[in-house]
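Asker: Give me a model of this one.
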Amino acid sequence: MSTPAPTQSARALEILQTTFGYPSFRGQQQAIVEQVLRGGDALVLMPTGGGKSLCYQIPALVRDGVGVVVSPLIALMQDQVDALAEVGVRAAFLNSTQTYEESSEIERRVRRGEIDLVYVAPERLMTPRCLDLLEQSNIALFAIDEAHCVSQWGHDFRPEYIKLSVLHERFPHVPRIALTATADQQTREEIIRRLQLEQAQQFVASFDRPNIRYQIVEKANGRKQLLDFIQGAHNGDAGIVYCLSRKKVEETAEFLAENGIAALPYHAGMDYRKRTANQARFLREESVVMVATIAFGMGIDKPDVRFVAHLDLPKSIEGYYQETGRAGRDGGPANAWMAYGLQDVVQQRRMIEESEADETFKRVLGVKLDAMLGLCETLHCRRMRLLEYFGQSAAPCGNCDTCLAPPVSFDATVMVQKLLSTVYRVGQRFGAGHVLDVLRGIDSEKVKQWRHEELSTFGIGSAGSEAEWRAILRQVIALGLLVVDYDSYNALKLTDAARPVLTGGQQVQLRQYQKPVKTARVSKSKGFVESGLSPTEQLIFEKLRWWRVETARKHNVPAYVIFHDATMREIARAQPASLDDLRGVSGVGEKKLETYGDEIIALIAEFS
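Answerer: Okay, here's the model as predicted:
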């Protein structure tokens, strides 16, 4: 394969600097861009916020023809196109939200070569009309965004993605670049096989997001704990809260709103216009908390999301990583917080058992859930565990909850034996509540009805609280010593793995139960406080934020499309006195300099 012409490489760097306003490529960006420029295929695994989009946008601008971006994110295409228009790139999209006349006009411009980048949903791409359009046009490259959607084992599977191998078959000489932020080895292999990328060069960046602090707490009163977390650490910040069900989304958003948080719901069952309006508010306003199912978030480019919270256990580490990765895209400090309890384990196991998938698929789901449970129950650094799942080694991070407050492990063999014995003595016919009542010696009506106060195990666990025993039970289920039989009213049943523990042939180490601690409230001034800025720089930064809000409203785009916080931080520090001074700030390209430069210089002059 040929080396990209020196003029192409130089042109790529020039576009990076003058169009996008960045002085140099980061990490593997340059190698990826050059691979595509020379006509080669690429598979790119890069964490959210790592700069994936530049890896196809710049080659599309250097190479002849239009860059075709395959994306499942119809609701966000307008924002993506608006963001490119802000830096002077001729971009458009083709999807079902357009009229026939609008689509026809875009198609004419594609044929005439008047567009640099066109975003297309996979369903639209596979239509004969769209494929004919591509045949009649000069195509610079195909970018397949969110490529993990091709994996049937994954959390974001889209059936249309499987058909995208047609691009290689019908356009064999057009380079393809497949990109994703989330893929374990199995998903990676499936992307390669289904998209026919066997000859593609693979670029795998580190999955580490060192600016994100991971914290998983014992669930007591989940919504109250969430409120304490937001009010204590993120009052006034933008954030995302994930819930498993639509009903829980609605109830949680209402609860937060009643307690003074600017919270909005988002799920697939909502009216489309209301859902779209809520998403627009989240993207355009500074301090909105979106409460959502996993239907929300893919492709969200909002850089200043300061936290992602989970009120329910995700199905897999891939899903958890993808969702938490939406926090701190700007590189600033962010939190990934989760409340996790016994019911989460039971609920996820039940969902697997009751799914209509075949046994092979259920086994895969079970393995993925076990890995997720392992992350929740680990006694060691969570970041290490997370990175190990993706095949990368790491040292303890010193920033997650298990590093900052190491959990205490203890020999729980005797306590686990008491629990397993009680399950056995009640005939493996009762659920968690009744088993724990017998174990703790609670004389409930149900215990009396079944005369279980006469059992030898009645009260043998009276020294432990219900919360302590629930923590043990959760870990025992996670370890696979007990299962929940959903066909028998959620009865707890022993597994074969329980036998050696009961007979004393195997010890069990568990996490010591820790009482939930309320997040200490962090006082915040009325303005947005940025660390590392002098008082004058802070005033400039706040002024820039207000200017950005008003400017974004006039242009009808999200605020971050105007400038990211990181760029405004640099402007506040540099205090440019001329357009030439402003030109040197990272994130200020020529088009933005032309559009906003005079306003910013005038604003800075007020402080001189």
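Asker: give me the low-pLDDT residue ranges for the stretch 1-150 of the chain?
Answerer: Under the criterion pLDDT under 70, the flagged ranges of the stretch 1-150 of the chain are 1-5.
Asker: Next: the chain.
Answerer: Of all residues in the chain, those with pLDDT under 70 make up the ranges 1-5, 153-155, 516-531, 608.
Asker: at 50 what do you get?
Answerer: Within the chain, the stretches falling below the threshold (pLDDT under 50) are 522-530.
Asker: For residue 208, see how far away the residue nearest the centre of the chain is.
Answerer: Among the residues of the chain, residue 323 comes closest to the average C-alpha position under CA atoms, centre = their mean, at 2.0 Å. Using CB to CB, to the nearest Å, residue 323 is found at 17 Å from residue 208. Using the backbone N, CA and C atoms, a C-beta is placed for each residue, glycine as well.
Asker: and the residue nearest to the centre of the chain, what does it touch?
Answerer: By CB atoms under 8 Å, 6 or more residues apart in numbering, the contact set of residue 323 is 240, 242, 294, 297, 308, 310, 314.
Asker: so the first one sits in a strand?
Answerer: Spelled out, that is residue 240. Yes. Assignment of residue 240 by DSSP: H, G, I helix; E, B strand; the rest coil places it within a strand.
Asker: who's in contact with it?
Answerer: Neighbouring residues of residue 240 by CB under 8 Å, 6+ apart: 289-292, 296-297, 305, 307-309, 323, 326-327.
Asker: From those residues, pick the one nearest residue 234.
Answerer: Closest to residue 234 out of the contacts of residue 240 is residue 307 (5.0 Å), distances taken as CB to CB.
Asker: so how far is residue 21 from residue 30?
Answerer: 17 Å.
Asker: between the two, which one's more packed in?
Answerer: For the pair residue 30 and residue 21, the greater number of neighbours falls to residue 21 (22 against 17), based on other CB atoms under 10 Å.
Asker: Count the residues that sit near the nearest residue to that one once chain neighbours are set aside.
Answerer: Across the structure, with CB to CB, 6 or more residues apart in numbering as the measure, the residue nearest residue 21 apart from its sequence neighbours is residue 589 (3.7 Å). Around residue 589 there are 21 other residues, counting by other CB under 10 Å.
Asker: Same check on residue 435?
Answerer: Here the number of neighbours of residue 435 (other CB under 10 Å) works out to 25.
Asker: who's in contact with it?
Answerer: So, once contact is read as CB under 8 Å, 6+ apart, residue 435 ends up touching 419, 422, 423, 426, 473, 492.
Asker: my read is residue 356 is in a helix, agree?
Answerer: No. The assignment for residue 356, made by three-state DSSP, is coil rather than a helix.
Asker: Kindly list the main-chain dihedrals of it?
Answerer: When read as degrees, to the nearest 10, the backbone of residue 356 gives phi -90, psi 10.
Asker: dump the residue contacts of it.
Answerer: No contacts exist for residue 356 under CB under 8 Å, 6+ apart.
Asker: Residue 44 is in what secondary structure piece?
Answerer: Counting by DSSP states H and E, the element that carries residue 44 is strand 42-45.
Asker: Each with direction, which strands does that strand pair with?
Answerer: strand 176-180 (parallel), strand 201-204 (parallel) (DSSP bridges).
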